[in-house]
Structures are given as structure tokens and as C-alpha cells.
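# build me a structure from this.
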Amino acid sequence: MDENALVAGRVALARLRFPEFVLHGRNVRSIPVRVHVCGTSGKSRVTRLIAAGLRNCGIRTCAKTSGAVGKMIFPDGFEYSLGRSRHECLTVARVVRAAVSANTQVLIYESVSSASPMRAKWETALLRPTHRAIASEGAKCEPTLNSQQVNTLTANDDNVANITWDELDRFSYVERPENVALALDVCQALGVQRKIALQGMWAAAPCAGVVTIYHVKGNQTRIAFVNGFATDDCELTGNIWETVLLRNRIVNRRIAIINCCNNFARKSRQLAESCVSWTPADHYVVTGTATQAFADRAIELGISAEKITRFEGCSAGSIMQITKRIDQLSGGSAIVMGMGSIAGIGRGLVDFYRRSNGISTQVTKPTVYSRAA
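This is a model prediction of the structure:
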């Protein structure tokens, strides 16, 4: 253990009173396998995938996720929201104590933040992991134990390439192959067969905020709607777009729904600037308010005006108009992805496709966008 780790451990343990420190050390030793999940992105998903794969093999597993609301996941899949603690070391002690009470064989613990090295060292000093999973390439996760004591796993290119599209299609939401590959590596390192681990992952409840896909079949259309709304980062939106296109290659049309908002006109322009670097959509349906900000910038950057349809200032009553237009553009089958703000019409579209059974109504065809509109 290096000098910095010792300092971090002493500081963390000093926050616990001596009896609590002794009890915590005993609790940690009673959990045979402790996996620390760290990295810059995808930690919560990887944590849930690992736990699901292990549970499906009959291994009593607890998991702790971070995010906006921390969750404690018990061996039966029950989830409990963790309140915020003033110090992360107290959270580690609480989670370990709860895991011991549940007769846990494996504890999966998501690091609270890769941006705070000292907090990560506190976690490691208190958790004393047997395994470390790094959930994103290039993540800054400083070890506090040497490599002989901790089995460190990352998703290498060969393992990612072994994840098939058929396996990804079995998820009820859009999952990154890197996350699945890393979770499988951890499960297999703990003796779980790939097939058994995958079955558990497919059946597990996803974390909040995942990108879901709804398949809608009509009399003459087949729509796969991807809920990519409320994704704040344009680069992440682009990654999701490319992923869903690869997952749904046998379709006639690729349609992007851009839901704009007056308060985020700059974001609409940024989204337009990002769109030109992605695999192009066959059509862009722009909804909400300040739709002209997106359309003007997109045309300026080379997207044809004929490919853009605007529904400016749409209300909830316009949902059927928009979905009818999408049916007209689909050419029989289409992958449709919602981007931008989920407010207003975005939420309405998600609700429609979630409940939809291919309903179709006659509506007026909107005008294709032009500079004079």
C-alpha cells in the first residue's frame, strides 16, 4: 500500500469512532468478494449488470450505485434509496453493514466520483476491494493496493468485439457493448458462465435514465422509437444515434426528432452542428419552440431544407400529427430517435410510443421547412 493510500485510510478511519472502526473491519472481512467499480462513465450500469449476472447464478450479491440518488440493491433485487451522508466513509460503513446483514457473498460498490481522487482513496481504504472494474477507457482510478492484491479488469477491444448484436438486442434498452463486456469479465472472473450471466443481465431492471426502445407495428408501418430525450451531452447523443443505427440496420428510413426549447436555443444550434458529423438521417422532424434556431443552423451546415419538417409551438394535441408524419416518412419501416429536450412534446411522444398499438388517424400534412417559413 503506498504512502498516499495510508494517509487517506487514516483520515477516513479517523472519522469513525474506535468501536465502529473495529466492527467495520470485521464486517469487511466477512464479505469474501468486494468489487470496486470506478471510471468516468457507465459505472452505475456496469454495477447493475455485474450484480444481475451474479444473482442469476445463485450468488448472494449486494450492490451500491451512486448517481443523483444512491441505491442499495439487495440479493433479491429489492432497491433501497440511500440518503446523503456528510462523508463518503460513513456511506461505505453503512453499505458494508447492510450487506453483512443480508449474508452477502459479493459486494459491488460504485465509486462516488472519479473527479475526487481523495474520496476514491477513502472508499478503497475502507472497502479493501478484491477486484476493481474500470468502467471507461482512460479513467483515472488511482489504486491504493498493489496489483498483486487487487484483480483489475477493463473492457479490452477483443472482449468488446465478442459482444454480438443479437446479445445487445435482448436488452429492453440501449446498452453499450463496453459495459456488457466489462460486466461479463467480472462475472467470469468469479466463476459465472457467460450464458447464465447474460440471462440475468437481460432480465434485470435498468437504472433510471437509460435509453429505451419501443417497437410499434401498424398495418403498413413498423417503427422502432428510441427515447434519447434529455441526454445533455451532444457527443453522448451521437454515440447513442450510431449505436441504434447499428442495432437496426434493416430499416427503410432513419428519422431524427429534435425537440427544441426557447430556453435552450443555443443547445438546439449545438445539436445541429453535431448532427452533420453523425451518420445522416433521412429526415429531421423538429418540434417544440425555437425550432428555427436548429433548422437555420442545420441548413447553413449543409443539411437539405427538404429533409427538415418543423412543428413550431406544438401542443400535446399535435402528437397525432407528428406521429402521422413520421409514418408517412417511414417508407414502411424506420428507426426514429428523439433528441433534445424532453419537456412538453418530448414527453408526449414518449408516452404515445410507450402505449401505442399502431393507431393511425387522418391529419393535415405539415409544410416542409423553408427559409421563408
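# so which helix or strand of this structure has the lowest pLDDT on average?
helix 3-14 (a mean of 52; mean pLDDT, DSSP states H and E).
# part of a helix, is Gly200?
Yes: looking at Gly200 with DSSP: H, G, I helix; E, B strand; the rest coil, it is inside a helix.
# how far does stretch 336-356 stretch from one end to the other?
14 Å (CA to CA, to the nearest Å).
# what about it, distance to the chain center?
Centroid separation for stretch 336-356 versus its chain: 18 Å, with CA atoms, centre = their mean, to the nearest Å.
# quick one: contacts of that stretch?
With CB atoms under 8 Å, 6 or more residues apart in numbering as the test, stretch 336-356 has contacts from 214, 216, 223-231, 237, 240-241, 244, 255-261, 264, 267-268, 271, 287-288, 311, 314-316, 318-319, 322-323, 326, 330. Yep, even glycine has a C-beta here, placed from its N, CA and C like the rest.
# and it, what's its mean pLDDT?
For stretch 336-356, mean pLDDT rounds to 87.
# distance check, Phe294 against Thr231.
The gap separating Phe294 from Thr231 is 16 Å, by CB to CB, to the nearest Å.
# which one of these two has more residues nearby?
Each of Phe294 and Thr231 has its neighbours counted (other CB atoms under 10 Å); Phe294 has more, 31 against 20.
# that one sits in which helix or strand?
In the assignment (DSSP states H and E), Phe294 maps to helix 291-300.
# and that helix, C-alpha only, in CSV?
Extracted in CSV, the C-alpha atoms of helix 291-300 (Å, rounded to 0.1, in the frame of the first residue of the first chain):
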residue,chain,number,x,y,z
THR,A,291,-37.3,25.2,-34.0
GLN,A,292,-35.9,27.8,-36.4
ALA,A,293,-32.7,28.0,-34.5
PHE,A,294,-32.0,24.3,-35.2
ALA,A,295,-33.2,24.4,-38.8
ASP,A,296,-31.3,27.6,-39.8
ARG,A,297,-28.0,26.2,-38.4
ALA,A,298,-28.6,22.8,-39.9
ILE,A,299,-29.2,24.2,-43.4
GLU,A,300,-26.2,26.5,-43.1
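# same for it, what does it pack against?
Identification of packing neighbours for helix 291-300 by 3 or more CB pairs under 8 Å, 6 or more residues apart in numbering; DSSP states H and E yields strand 253-260, helix 265-275, strand 283-288, strand 308-312.
# just put those in CSV and tack on distance to Ile50.
CSV is the format used below for those (distance: least, CB to CB, whole Å):
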stretch, distance to Ile50
strand 253-260, 33
helix 265-275, 32
strand 283-288, 38
strand 308-312, 43
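# can I get these in JSON lines including mean neighbour count?
Converted to JSON lines, the helices and strands packed on helix 291-300 look like this (neighbours: other CB atoms under 10 Å):
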{"stretch": "strand 253-260", "mean neighbour count": "25"}
{"stretch": "helix 265-275", "mean neighbour count": "19"}
{"stretch": "strand 283-288", "mean neighbour count": "25"}
{"stretch": "strand 308-312", "mean neighbour count": "22"}
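# could you tell me the least trusted of the ones you listed?
Sorting the helices and strands packed on helix 291-300 by mean pLDDT places helix 265-275 lowest, at a mean of 85.
# let's see it as PDB, backbone CA atoms only.
Extracted C-alpha coordinates of helix 265-275, given in PDB (Å, rounded to 0.1, in the frame of the first residue of the first chain):
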ATOM      1  CA  ALA A 265     -31.800  27.800 -28.300                       C
ATOM      2  CA  ARG A 266     -28.100  27.600 -28.100                       C
ATOM      3  CA  LYS A 267     -28.300  23.900 -27.400                       C
ATOM      4  CA  SER A 268     -30.500  23.400 -30.400                       C
ATOM      5  CA  ARG A 269     -27.800  25.100 -32.600                       C
ATOM      6  CA  GLN A 270     -25.200  22.900 -31.000                       C
ATOM      7  CA  LEU A 271     -27.200  19.800 -31.700                       C
ATOM      8  CA  ALA A 272     -27.500  20.900 -35.400                       C
ATOM      9  CA  GLU A 273     -23.700  21.400 -35.500                       C
ATOM     10  CA  SER A 274     -23.200  17.900 -34.100                       C
ATOM     11  CA  CYS A 275     -25.700  16.200 -36.400                       C
END
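# in the stretch 101-250 of the chain, which spans are strands?
Using DSSP state E, counting those that start in this stretch, the strands of the stretch 101-250 of the chain run over residues 106-110, 131-134, 151-154, 212-217, 222-227.
# what pairs with Glu312 across the strands?
Legend: beta-bridge partners of Glu312 under DSSP bridges are Gly288.
# pretty sure it sits against Phe294.
No: judged on CB atoms under 8 Å, Glu312 makes no contact with Phe294 at a distance of 10.9 Å.
# and among the strands of the stretch 101-250 of the chain, the most buried is which?
strand 106-110 (a mean of 26; mean count of other CB atoms under 10 Å).
# what's the average pLDDT for that one?
For strand 106-110, the mean per-residue pLDDT is 95.
# quick one: strands adjacent to it?
strand 33-38 (parallel), strand 61-65 (parallel).
# need the next SSE after the longest one, C-terminal direction.
Going back to what we said before, that points to strand 33-38. helix 43-56.
# what's that next one packed up against?
Against helix 43-56 (3+ CB pairs under 8 Å, 6+ apart) you get strand 33-38, strand 61-65, strand 106-110, helix 177-189, helix 194-203.
# neighbouring contacts of stretch 211-219?
172-174, 206, 222-228, 231, 240, 244, 327, 353-354, 356-360.
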